[in-house]
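[1] make a model of this:
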Amino acid sequence: MTGKQPEIQWYVAREGKQHGPLSDAEMRTFVAQGHLKPTDLIWRQGFADWRPAPAVFPLTGPEPAAQPPPAAGQPAAPREPTYAQPQSAERSFEPDRIRVAKSSPEREGRPLGRILGAALIVLLLAGAGSWYFIYQSDAPGTVPTITAETDRDTDISISETTTAAISPPETPSAAAAPPVAEISPEVVKQNAQKLDVQFQQIGLWGLIKREFPDWYGERLDEAAKLTAENQPQIAITKHMTKALIALRRKYAEQALAASAGKLKNVATAFLANLKHLRERSEGACFGFISKGETSPVVLELMQSPEKGATVHAQAAAIFEAIAEGRKTPTTHEPAVKSDYEALVKQLAKLGWKESDLQIFSNPTALAKQPPRRVCQMVQDWFVAHLAVEDQPAQERLLVETLKPVVSG
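    Take a look at the predicted model:
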């Protein structure tokens, strides 16, 4: 009978200071919440040396600043690749002031608003025999969120008290793994060339290489380094996907400045992808709605030109809109009351009733619905938009609905 495996304890070195230990669950939640920086160094028992954070946990974090010399006895931090800016100031974190707290339903999972958003929240108001929509948000500049069930029961949150002792890790034992060999530029170049051949089999990456050649080259080098460090293929895919999401968000305004035809292409591609994922499983569809392109199923599909065709096509439609919006931007008028009335008529044709609109407009109510119904409602939402016959009205509606699709 074998004894219980010792619990992994992680340490983080940031700006010359050392923090920890963190349990494995705490560390992975810390990473999932986006608090880890690409300039951080990571150590745990079994590592012969401190390792760059992206080599251990591929991530999207802030632009790297100059790394101060680590504390005495610690190895110098290697040069890190460039990463996208964090999404919000809420992701800031002080490693020596953390605690593990039980999650509330509002904090668990990723918001459905990441795809649909709540910039446009539908409220059904009875009066004069007609339905209409108004805007609603929790606070200026914020988006109401809808949460998805996950199996995590802990979350990293900021605390005024320190519960994690700060102490340097012991010197690794003689049985520890050997230090990671320095990666030569020639190895990186060779790996980048091989990865480029693989990526260019997918039309999406051909488009990215053409429109953002410098960005593509930098990300390719980052992926090549991960390959040299023997990171699994799924880790490389996740790294590239997160970088692609950051690029999409950066140029969201340009995407929405594309022509009506390009916007309709984005909505059509989104709907086709949603239907394809539903055919695969309700879980795949719901995972995409709740976690976007980083959901496990979608990441798996992103690796294959054939299986991930609809996922790639949706992303490509957005970047085609970005390309057009950057070169020849179009100014779109805001949606008006009659546009929403036309949308409601299309939803009614799909069987929607007042109760359905109330559920869809209420984040808490929608979060309680089974995945099957959430997927169907999101699908209906886009079907209704594409069915609006008045083209100017459809254009105005699509600009609003696609905001979270391109920026979420």
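[2] neighbours of Arg210, how many?
    Residues lying near Arg210 (other Cβ atoms under 10 Å) number 11. Just so you know, the C-beta spots here come from the backbone N, C-alpha and C atoms, and that holds for glycine as well.
[3] in terms of pLDDT, where does it sit?
    On the pLDDT scale, Arg210 is placed at 96.
[4] show me what counts as buried in whichever strand or helix holds it.
    Under the criterion of DSSP states H and E, Arg210 resides in helix 203-211. Neighbour counts using 16 or more other Cβ atoms under 10 Å place Leu204, Trp205, Leu207, Ile208, Lys209, Glu211 of helix 203-211 among the buried residues.
[5] what's the answer for stretch 307-317, then?
    Buried-residue list, stretch 307-317, by 16+ other Cβ under 10 Å: Gly308, Ala309, Thr310, Val311, His312, Ala313, Gln314, Ala315, Ala316, Ala317.
[6] among the residues you listed, which lie within helices?
    Mapping these onto helices (DSSP state H) picks out Ala309, Thr310, Val311, His312, Ala313, Gln314, Ala315, Ala316, Ala317.
[7] in CSV: the residues you listed, plus distance to His35 and pLDDT.
    CSV is the format used below for these (distance: Cβ to Cβ, whole Å; pLDDT from 0 to 100):
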residue, distance to His35, pLDDT
Ala309, 35, 95
Thr310, 33, 96
Val311, 28, 95
His312, 30, 96
Ala313, 33, 96
Gln314, 29, 96
Ala315, 26, 96
Ala316, 32, 97
Ala317, 32, 97
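[8] can I get the residues you listed in CSV with distance to Ala223?
    Shown next, in CSV, are these (distance: Cβ to Cβ, whole Å):
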residue, distance to Ala223
Ala309, 21
Thr310, 23
Val311, 18
His312, 17
Ala313, 22
Gln314, 22
Ala315, 17
Ala316, 19
Ala317, 24
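[9] now for the residues you listed: which two are most distant?
    Across these, the longest distance by Cβ to Cβ is 12.4 Å; it joins Ala309 and Ala317.
[10] got the contact list for Ala384?
    Residues in contact with Ala384 (Cβ atoms under 8 Å, 6 or more residues apart in numbering) are Leu343, Gln346, Leu347, Lys349, Leu350.
[11] most surrounded residue in the residues you listed?
    Compared across the contacts of Ala384, Leu343 has the highest neighbour count, 25 neighbours, by other Cβ under 10 Å.
[12] close enough to count as contact, that one and Leu397?
    Yes - using Cβ atoms under 8 Å, Leu343 is in contact with Leu397, at 5.9 Å.
[13] low-confidence ranges, this protein, go.
    Applying pLDDT under 70 to the chain flags residues 1-6, 33, 59-182.
[14] go ahead and name everything in contact with the lengthiest helix in it.
    If you go by DSSP H, the chain has its longest helix at helix 260-280. Outside helix 260-280, the residues within contact range by Cβ under 8 Å, 6+ apart are 255-256, 284-285, 287-289, 297-298, 310-311, 313-314, 316-318, 320-321, 324-325, 330, 332, 375, 378-379, 382-383, 385-386, 391, 394-395, 398-399, 401-402, 405-406.
[15] list the buried residues in that helix.
    Neighbour counts over helix 260-280 (16+ other Cβ under 10 Å) mark 260, 262-278 as buried.
[16] cool, and stretch 352-369?
    Buried, per 16+ other Cβ under 10 Å, within stretch 352-369: Trp352, Asp356, Leu357, Ile359, Phe360, Ser361, Asn362, Pro363, Leu366, Ala367.
[17] over to stretch 233-253?
    235-248, 251-252.
[18] and for stretch 291-307?
    Residues of stretch 291-307 classed as buried by neighbour count (16+ other Cβ under 10 Å): Lys291, Gly292, Glu293, Thr294, Ser295, Val297, Val298, Leu299, Leu301, Met302, Gln303.
[19] what's the helix or strand for Glu186?
    Element membership for Glu186, per DSSP H and E: helix 185-199.
[20] that helix - contacts with which helices or strands?
    Judged by 3 or more Cβ pairs under 8 Å, 6 or more residues apart in numbering; DSSP states H and E, helix 185-199 is in contact with helix 213-228.
[21] okay, the angle between the helix or strand where Phe288 lies and helix 260-280?
    According to DSSP H and E, Phe288 maps onto helix 282-291. Helix 282-291 and helix 260-280 are oriented at 140 degrees to each other (axes from the mean of the first three to the mean of the last three Cα atoms, to 10 degrees).
[22] of the buried residues of stretch 233-253, closest to Lys194?
    Distances from Lys194 to the buried residues of stretch 233-253, taken as Cβ to Cβ, are shortest for Ile236 (11.6 Å).
[23] quick one: the helices in the stretch 301-408 of the chain, in order.
    Per DSSP state H, counting those that start in this stretch, the stretch 301-408 of the chain carries helices over the ranges 309-327, 337-349, 354-360, 363-367, 371-387, 391-401, 403-407.
[24] distance to Thr39 for those - can I get that in a markdown table?
    Listed next are the helices of the stretch 301-408 of the chain as a markdown table, based on distance: least, Cβ to Cβ, whole Å:
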| stretch | distance to Thr39 |
| --- | --- |
| helix 309-327 | 28 |
| helix 337-349 | 46 |
| helix 354-360 | 42 |
| helix 363-367 | 35 |
| helix 371-387 | 38 |
| helix 391-401 | 38 |
| helix 403-407 | 26 |
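[25] out of these, nearest to Val12?
    Comparing the helices of the stretch 301-408 of the chain against Val12 with Cβ to Cβ, the closest turns out to be helix 403-407 (30.1 Å).
[26] what is the three-state secondary structure of the closest residue to Ala235 other than its chain neighbours?
    Spatial nearest neighbour of Ala235, chain neighbours left out: Pro58 (4.9 Å); criterion: Cβ to Cβ, 6 or more residues apart in numbering. Secondary structure, DSSP: H, G, I helix; E, B strand; the rest coil: Pro58 is coil.
[27] what count of nearby residues applies to Pro58?
    Number of residues near Pro58 (other Cβ under 10 Å) recorded here: 24.
[28] domain ranges for the protein?
    The domain map for the chain lists 13-96, 109-149+183-408, with the assignment taken from automatic domain parsing.
[29] how far away is Gln394 from Ala260?
    Gln394 is 8 Å from Ala260, where distance means Cβ to Cβ, to the nearest Å.
[30] what of Val336?
    For Val336, the distance to Ala260 (Cβ to Cβ) stands at 16 Å.
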